[in-house]
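Asks: Here is a sequence with its predicted model. Questions after.
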Amino acid sequence: MNITLPVVIGAVLGLGIFALVRALVPSKRGAVATVARIDAMRARGALYESPSRQPRQDEESGRLAPLRAGIGARIAAFYVEQGWEQRSLRADLNVLERSWESFLATKILLGAVGLVFGPFLFAIVATIGIGSGPVVPVWMALGCAALFFFLPDLEVRRDAADKRRDLRRVIGAYLDLVAMNLAGGRGLPEALMAAAEVSDGWALRRIRNTLADARITGTSQWQALGMLGEELGVEELKDLASALGLVAEDGAKVRESLASRAETMRHREMAEIEGSAGEKSQSMLIAQLLLCAGFLVFLIFPAAVRVFQGA
């Protein structure tokens, strides 16, 4: 047992070091990996960037920027070589306008911090006499590294869900504006662009840039909206693109379809707001009940103590 424990600890540490070195050291890229990398760049629009494209929120400058950029690029290449697409996570990052490489670099750096933080936490706990043994700091280091590694995923998914909720509200208003422009006599392409130019918010800006890119590249605007919905993980945009592709030649049907979809999205938004309000009301009711129960215990406890002491 005394010999097996150091062997297991050394094997785990060696495996972790090997995986880290294998991920960071660039290897020779094969033909399949090269084609996959080109397809990934084309899918997210890296081969063609619109002049009106806004910079991403996480673009930064500083001493650590080159280090983060290098680590992110190598980890991203490693993901491509392994065939790990992570489509839902990429869609969340696209909604937040954050780069995939910077996100991966953040995960790796936080994991490295967790490896250091685990033994440091063990040292603090050991000084007060809790926990002992050589295997405890190893497991604490691995546990903290795993926890820190997945913390950015939780943050990104939470923020992306909130931003998608705002995007759906904007899409509902956008459909109403498109229907109004169609009723005013404009064609569908002009109505889509005119409705996207009423505001400079991030949602309408993304739609406006997508429509401008579609006009330059020669693709239909509803197909571009569908690709934007695929990129952001928003089903409403993909459904809108499919509907516009079916009735694009009939202005009356387009207006009816857009108006009905906008009304449906408003009803869905109202249902979500009512459901959220109901959940908050239930939470407040439970908190009030617990507060009343604690107050009753505070009132009854002295009397109960006197009764039991007298008995």
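Replies: Perfect, I can see it now.
Asks: Could you use CA atoms for every contact and neighbour count after this?
Replies: Fine.
Asks: residue ranges with poor pLDDT in the stretch 201-311 of the chain?
Replies: 247-252, 310-311 (pLDDT under 70).
Asks: Packing partners of the longest helix along the chain?
Replies: Across the chain, the longest stretch assigned as helix under DSSP state H is helix 251-310. Judged by 3 or more Cα pairs under 8 Å, 6 or more residues apart in numbering; DSSP states H and E, the packing partners of helix 251-310 are helix 135-183, helix 235-247.
Asks: and it, how far out from the chain's middle?
Replies: 26 Å (Cα atoms, centre = their mean, to the nearest Å).
Asks: relative to helix 135-183, how tilted is that helix?
Replies: In terms of direction (axes from the mean of the first three to the mean of the last three Cα atoms, to 10 degrees), helix 251-310 departs from helix 135-183 by 140 degrees.
Asks: now the angle from helix 251-310 to helix 235-247?
Replies: 160 degrees.
Asks: quick revisit: out of the helices and strands packed on helix 251-310, point me to the one whose mean pLDDT is lowest.
Replies: Comparing mean pLDDT over the helices and strands packed on helix 251-310, the weakest stretch is helix 235-247, at a mean of 79.
Asks: tell me which residues in it are buried?
Replies: Using 16 or more other Cα atoms under 10 Å as the test for burial, helix 235-247 gives 236-245.
Asks: rewinding a little: out of the helices and strands packed on helix 251-310, which comes closest to D92?
Replies: helix 135-183 (5.2 Å; Cα to Cα).
Asks: Give me the packing partners of that closest one, helices and strands only.
Replies: Checking 3+ Cα pairs under 8 Å, 6+ apart, helix 135-183 ends up next to helix 4-24, helix 87-96, helix 100-127, helix 188-196, helix 202-217, helix 251-310.
Asks: From the chain's centroid, how far away is it?
Replies: Remark: helix 135-183 is offset 3 Å from the chain centroid, using Cα atoms, centre = their mean.
Asks: what would the helices and strands packed on helix 135-183 look like in CSV with mean neighbour count and distance to D162?
Replies: Converted to CSV, the helices and strands packed on helix 135-183 look like this (neighbours: other Cα atoms under 10 Å; distance: least, Cα to Cα, whole Å):
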stretch, mean neighbour count, distance to D162
helix 4-24, 13, 33
helix 87-96, 19, 10
helix 100-127, 18, 19
helix 188-196, 19, 21
helix 202-217, 18, 13
helix 251-310, 13, 13
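Asks: Minimum distance to E155: which of these has it?
Replies: helix 87-96 (10.2 Å).
Asks: burial measure for the closest residue to L237 other than its chain neighbours, as a count.
Replies: Nearest non-adjacent residue to L237, counting by Cα to Cα, 6 or more residues apart in numbering: G229, 4.8 Å away. Using other Cα atoms under 10 Å, G229 is surrounded by 20 other residues.
Asks: residue contacts, G229?
Replies: 235-238 (Cα atoms under 8 Å, 6 or more residues apart in numbering).
Asks: Mind putting those into TSV with distance to R169?
Replies: TSV is the format used below for the contacts of G229 (distance: Cα to Cα, whole Å):
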residue	distance to R169
E235	13
E236	11
L237	12
K238	16
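Asks: follow-up on the earlier one: what's the closest of the helices and strands packed on helix 135-183 to L167?
Replies: Per Cα to Cα, nearest to L167 of these: helix 202-217, 5.9 Å.
Asks: what's the angle between the helix or strand that the closest one is followed by and helix 235-247?
Replies: Next along the chain after helix 202-217, taking DSSP states H and E as the criterion, comes helix 221-232. Interaxial angle, helix 221-232 versus helix 235-247 (the same axes, to 10 degrees): 160 degrees.
Asks: now helix 221-232, how far from the centre of its chain.
Replies: 18 Å.
Asks: now swap in stretch 83-92 and tell me
Replies: Distance, centroid of stretch 83-92 to centroid of chain: 10 Å (Cα atoms, centre = their mean).
Asks: Touching that stretch from outside, list them.
Replies: In this structure, residues lying in contact with stretch 83-92 by Cα under 8 Å, 6+ apart are 79, 100, 153, 156-157, 160-161, 230-233.
Asks: Good, we can wrap up now.
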